[in-house]
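Novice: Pasting a predicted model and its sequence here:
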Amino acid sequence: MPKPVVLVVDDEVSNQEFCRDALELNGYEVVAASDPQQAARVLREQEVDFIICDIAMPHNGRRMYEYLLENFPHMRGRFIFVTGNPDSKADVEKLPNAAPCLLKPYPINALLGLLKSALRA
């Protein structure tokens, strides 16, 4: 059985590496992108099962989410925001079509729980 593929979109390499290490240890394949343009390219070129996206990137994680909902509607419900800013977390949770948001630093078990729930749905 193939491993689920998770796209991690974060402009901080240390956050990409944290996710890669934790997820690969738990049976996921990880692809990383540093910005929404790279992420869109990945989505056009390969199947992705789930996306973890930082909100505070130079090109705005919220805009990426809107782009995804419009261009990759099958990804609805397979997206998690992460942020270090409690105000940003509250803002994205109020959006129409809101996606879950974890506050950095988040426990890996919280991330794994959201992934498992979404992939079962």
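Specialist: Now that the structure is in, tell me what you want to look at. All of these numbers come straight from a predicted model, not from anything done at the bench. Numbers count the residues shown, from 1 in each chain.
Novice: What is the burial count for residue 42?
Specialist: Around residue 42 sit 17 other residues, with neighbours defined as other C-beta atoms under 10 Å. The way it works is simple: take the backbone N, C-alpha and C, and place the C-beta from them, glycine included.
Novice: Make residue 1 into 54 and carry on from there
Specialist: All set: I'll call the first residue 54, so the last point we hit is now residue 95.
Novice: gap between it and residue 143?
Specialist: 29 Å (C-beta to C-beta, to the nearest Å).
Novice: what do you get for residue 81?
Specialist: For residue 81, the distance to residue 143 equals 28 Å [C-beta to C-beta].
Novice: what about those two, which has more around it?
Specialist: Neighbours were counted for residue 81 and for residue 143 using other C-beta under 10 Å; residue 81 has more, 19 against 12.
Novice: phi, psi of the more buried one?
Specialist: Dihedral angles of residue 81 (phi, psi; degrees, to the nearest 10) stand at phi -110, psi 150.
Novice: So which residue is dead centre in the chain?
Specialist: The chain has residue 105 as the residue nearest its centroid, 1.1 Å off, counting by C-alpha atoms, centre = their mean.
Novice: Now do the contacts for that residue.
Specialist: Counting by C-beta atoms under 8 Å, 6 or more residues apart in numbering, residue 105 touches 59, 60, 61, 62, 63, 72, 132, 133, 135, 164.
Novice: Surely residue 159 is in contact with residue 136?
Specialist: No. Using C-beta atoms under 8 Å, residue 159 makes no contact with residue 136, being 9.6 Å away.
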